[in-house]
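S.K.: structure of the sequence below:
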Amino acid sequence: MQNISLYKNNMKFTQGVVVGKFYPPHKGHEFLIETALAQCEQLTVIVCDKPGQVPHASLRASWIQKLFPSAHVHVTVDDLDDDDSVAWAGRTKEILGGAPDAVFTSEDYGDPYAAALGCKHICVDHPREAVPISGTRVRENPLAQWEFLSPPIRGYYAKRIVILGAESTGTTTLAKDLAAHYQTTWVPEYGRSYAEGKLFDANGTNWTSEEFTHIAEMQNKMEDALAEVCNKVLICDTDAFATSVWHERYMESRSSAVEKLANTMKHDLYILTGDEIPFVQDGTRDGEHIRHWMHSRFEERLAETGRTFVVVRGTKKERLAQAIALIDKHIEQKHP
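M.R.: Numbers count the residues shown, from 1 in each chain. As a prediction, this is how the structure comes out:
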């Protein structure tokens with residue numbers, strides 16, 4: 001796709017405006033904003049906030065701000081009639097402190113809206129030929145419209161699958177195999193790297209609750225970063241929820257701080273690896289004697305918190321086949 005403005009007169013404006021729901025932002029919206037930015041010294045993007053819309057307006061606005069740092073992004077309540085150009089012109093003047101020099105739209109409302117503001121209307125790609133996409137199509141099936149979504153929006157709509165289990169139950173092997181199958185990214189276990197970093201310290205086997213909070217925070221950050229570059233499905237080798245269970249194992253108590261971090265993340269499916277396979281010592285593992293307890297505790301906590309989970313058992317090949325069948329079903333489901 002060639003990102004060129006459809007407006008050819010090289011006119012420059014001091015203040016420009018783009019207004020819409022951006023529900024969600026997609027490449028068509030980006031084309032519109034890019035065109036406006038190229039013509040304006042200052043551009044304000046107004047995001048309309050209607051109750052009940054998911055993703056909510058503040059999140060949509062944050063995506064736009066991330067994609068276009070030079071734009072001024074403002075959220076306003078969507079409480080006016082869509083066809084009332086005079087009312088929306090008044091709202092726009094309130095936000096800007098006056099009328100803009102130009103409004104940029106791809107919609108039929110552009111002309112009456114600009115007339116009510118007393119400014120120029122620049123119509124950009126009204127027939128949707130440059131970028132053939134709409135917010136409705138994205139909401140109906142985000143994964144099918146993947147090419148029209150930028151990284152922050154992809155990170156939101158990606159199907160997030162967590163692989164978790166007790167020590168030496170094949171979680172990392174399964175995570176890597178799934179990532180290879182779906183040709184996508186996978187999130188390594190930050191806690192393992194952290195623990196290995198402590199291996200030769202005199203107090204390396206001692207843990208504090210604050211360390212688990214740190215591990216959960218880093219796990220969340222890694223997950224969100226890799227979700228933005230994944231191929232529709234993100235495979236997570238553990239998550240902050242699993243960290244909360246490991247906190248129980250090492251600290252013999254639950255952590256509200258770690259559980260709070262776990263609850264900020266949303267996952268589509270948890271796959272719990274069975275503990276029926278032999279334990280393999282890799283030089284760092286110390287939980288063979290409580291492996292079955294850990295597996296049972298994962299089951300209890302997953303059920304307690306209402307997370308969707310399935311246990312996979314059998315050989316490496318059998319587990320992979322089970323997991324793929326489960327994930328494929330979730331890929332077919334629409335995003336809430």
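S.K.: ok, Arg291 - contacts?
M.R.: By CB atoms under 8 Å, 6 or more residues apart in numbering, the contact set of Arg291 is Ala166, Glu167, Ser168, Thr169, Asp275, Phe279. Yep, even glycine has a C-beta here, placed from its N, CA and C like the rest.
S.K.: following the helix or strand of the chain at the bottom of the mean pLDDT ranking, which helix or strand comes up?
M.R.: Lowest on mean pLDDT, DSSP states H and E among the helices and strands of the chain sits helix 190-197, with a mean of 92. Later in the chain than helix 190-197, the nearest helix or strand by DSSP states H and E is helix 209-227.
S.K.: in that next one, what counts as buried?
M.R.: For helix 209-227, the neighbour count (16 or more other CB atoms under 10 Å) marks 209, 211-220, 222-224, 226-227 as buried.
S.K.: go on, stretch 322-336?
M.R.: Neighbour-count burial for stretch 322-336 [16+ other CB under 10 Å]: Gln322, Ala323, Leu326, Ile327, His335.
S.K.: can you tell me what sits against it?
M.R.: With CB under 8 Å, 6+ apart, stretch 322-336 has contacts from 54, 140-143, 157, 159, 161, 163, 174, 178, 181-182, 232-233, 268-269, 271, 310, 312-314.
S.K.: from those, which ones fall inside helices?
M.R.: Among these, DSSP state H puts Glu140, Tyr157, Leu174, Leu178, His181, Tyr182 in helices.
S.K.: how about the last one, what does it touch?
M.R.: Right, Tyr182. Applying CB under 8 Å, 6+ apart to Tyr182 gives the contacts Asn231, Lys232, Val233, Ile235, Ile327.
S.K.: relative to Lys27, how far out is it?
M.R.: Tyr182 sits 23 Å away from Lys27, going by CB to CB, to the nearest Å.
S.K.: stretch 296-310: end-to-end distance?
M.R.: 13 Å (CA to CA, to the nearest Å).
S.K.: and Leu96, how far from Val17?
M.R.: Separation of Leu96 from Val17 (CB to CB): 7 Å.
S.K.: which one of those two has more residues nearby?
M.R.: Val17 (28 against 17; other CB atoms under 10 Å).
S.K.: what residues are bridge-paired with that one?
M.R.: Thr44, Val103 (DSSP bridges).
S.K.: my guess is it contacts Gly98, does it?
M.R.: No. The pair Val17 / Gly98 is not scored as a contact, 11.1 Å apart, by CB atoms under 8 Å.
S.K.: check whether Tyr190 really touches Glu217, as I assumed.
M.R.: No. Between Tyr190 and Glu217 there is no contact under CB under 8 Å: 9.2 Å.
S.K.: got the domain ranges for this protein?
M.R.: Here the domain assignment for the chain is 13-141, 158-332, based on automatic domain parsing.
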